[in-house]
Structures are given as structure tokens and as C-alpha cells.
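> Build the 3D model from these lines:
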Amino acid sequence: MSAQNVVIVTKEENALITQTMSLDELAPCSHEEADTIIFVHAKQADILVIAVGILPTLQEIGLQQLWIAFGHGRNLKWIPVHDLCLSIGMEKSKGILFFHAFTGCDVVSAFRGEGKKTAGQTWEVCDEASDLFSKLSQYPPTVVYDDELKILEKCVVMMYDRSSVAEGVNDARFDMFAWKQRAYKAIPPTQAALLQHLKRAAYQAGIWSQSTVLQPEIQSPLEWGWTKEEDNWQIFWTKLPPIAESCQQLTKCGCKSECSGRCKCYRFGLPCTALCSCRCQE
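Here you go, the predicted structure:
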């Protein structure tokens, strides 16, 4: 390593540096994730480690090229992020943060059976989503209006079934389940569940968008698809009641005697129905 290289190490809110240099813009730092705190260093020490979604921010302070080291040893590759942004277009680059969170990341759930490749292909044919993705990739996260929710619903429907003529996820769920005989786990989420999901995605994208900010502003997750039980944060999936509670007449189990153990009725505390094979009804 060259003696001219600047190495910055952080621990909690403190920072150490290998050269005489002001740390006023580095500490104290309130970032909690290593994925974001490294970009504070990039802004101060000119280290080229940044993501596509943050590139426009660094370009505003004079950055011309950005490279990311991927892999290690013989598999080490250098990826030119600036060329990648040009290939996908700056419009999509500005919306990539929300897109990544919306399609699944380490803190936001993904769409069952639908990966980022399918989602990316859907984005290609759903250009109207780009402006909305860009809006939701910024901080603070903003409220999604009805017309914007319809755009997201249309994208999700296309992601699950490109041939569907339904524009809303609720109508698409009915068509896929009732007419196309899709398995329940292979249809889109309800509109109520989708709304909470996009809130969590927008909340996380807002955190990522502040990666170059020393003291990022973080809102309470309570209004963004999360709920708190005692000291633990839990995902708030939907305002709708579980289908097993609202449609108990459809509940059934295959128990041969009385329900216990792994039985669905027993586990969820639901009364057995006439469709059940057990003896509980007797």
C-alpha cells in the first residue's frame, strides 16, 4: 500500500485516519449500517466505492468515474459504475434504490417466485414507473397517491402475468386464482399488503439515499410498514384480517382423530369446520 493512500477506520461514532486531516466531516457519525457509512468515507476521502443510486450525488461534487471491486483473488473484477449508469440511463439510475428495496433486500421482503430479473424486464415495458421510482428513492419518503399506487399495481400484475388485462392486484388475484387456477402462493399480494410493502421499500430507499450524509435523518418506522412489539420491530403486513379468520368456512384439516400438534386449525386456534376430516366436530 502506498504511503499516500488515506485509510479511514470507524468504530461506532468515532473515526481514525492514517494522515493528518480534519475528521470534522467524518465523526461523530450516526450511520448504523456498514453499507451506508462507507459512502460517507467516499465523499470525504475520494474512495471510489459507491452504488449506482448514489452516483448522481457524487457527480454533483465533481466525480467523473466510479469503479467497484467485485469478488476477490482470481475472480476479482472492476465494474465501471459510470458506464453502467449510461447503459441503463440516468432516469433508471435515479430510481434504482427504491427498485432494489421494492423487489427484495435484506430488510424488505421479496415477491414470492418473482426475482429481480423478472422485475427488471417488467420495468423495461412499464416506463411510467420510472418517475415514481425516482421519487420514492429520495428522502424523506413521501405518501403514495391513488394514481401512483395504480402504476405500482400495474407493474406487479405484469410481473406475475404479462398477459393479464387487469390493472389492479385485487382483480388480478381473482383472475389468476379463479380462472387460471394459479396456486394461492403464485398470485400477487392484495392491494392492502402491497401498500405496506411499498412503504417499507420507500423507507429503506430513503435511508440509502442519505449514504453520503454524515448525520442522516431517520423517521420512525411506525408509519412505514412496521410495528413495535415490546422492544422488537415487526413487519406490519396488512390491515386486512387473515383469510383463515375472515373465511373460516373454508378452513379444513386432514387430521384422522382430534386436532393437535402441526394441525392448521390447532396451531391458529381456529374451530374446525364441516370440511375437516377430524373428530373435533363430533
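> burial count for Phe174?
Residues contacting Phe174 under the criterion other Cβ atoms under 10 Å number 13. (Glycine included, C-beta is placed from N, CA and C.)
> same question, Arg173
20.
> Would you mind giving the secondary structure of it?
helix (DSSP: H, G, I helix; E, B strand; the rest coil).
> who's in contact with it?
Counting by Cβ atoms under 8 Å, 6 or more residues apart in numbering, Arg173 makes contact with 187-188, 190.
> packing partners for the helix ranked longest in the chain?
Ranked by residue count and defined by DSSP state H, the top helix of the chain is helix 191-208. For helix 191-208, the packing partners by 3 or more Cβ pairs under 8 Å, 6 or more residues apart in numbering; DSSP states H and E come out as helix 34-45, helix 96-102, helix 146-160, helix 169-174.
> and those, which is most packed in?
helix 96-102 (a mean of 25; mean count of other Cβ atoms under 10 Å).
> And the contacts of stretch 148-164?
By Cβ under 8 Å, 6+ apart, stretch 148-164 touches 111, 114, 118-119, 122-123, 125-126, 128-129, 132, 144, 166-169, 172, 175-176, 180, 186-189, 191, 194-195, 198.
> picking up where we left off before, just name the closest of the contacts of Arg173 to Gly89, please.
Nearest to Gly89 among the contacts of Arg173: Pro188, at 27.0 Å, using Cβ to Cβ.
> With adjacent residues omitted, what lies nearest to the closest one?
Counting by Cβ to Cβ, 6 or more residues apart in numbering, Val169 is the residue found nearest to Pro188 once chain neighbours are left out, at 4.3 Å.
> show me what contacts the one you found?
For Val169, the contact set (Cβ under 8 Å, 6+ apart) comprises 153, 156-157, 188-191, 194.
> Show me the strands in the protein, by range?
8-11, 14-17, 67-70, 77-80, 226-229, 232-235 (DSSP state E).
> got the contact list for Leu97?
51, 53, 137, 205, 208-209.
> would you turn those into JSON lines with neighbour count?
Converted to JSON lines, those look like this (neighbours: other Cβ atoms under 10 Å):
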{"residue": "Ala51", "neighbour count": "19"}
{"residue": "Gly53", "neighbour count": "22"}
{"residue": "Ser137", "neighbour count": "25"}
{"residue": "Ala205", "neighbour count": "26"}
{"residue": "Trp208", "neighbour count": "23"}
{"residue": "Ser209", "neighbour count": "23"}
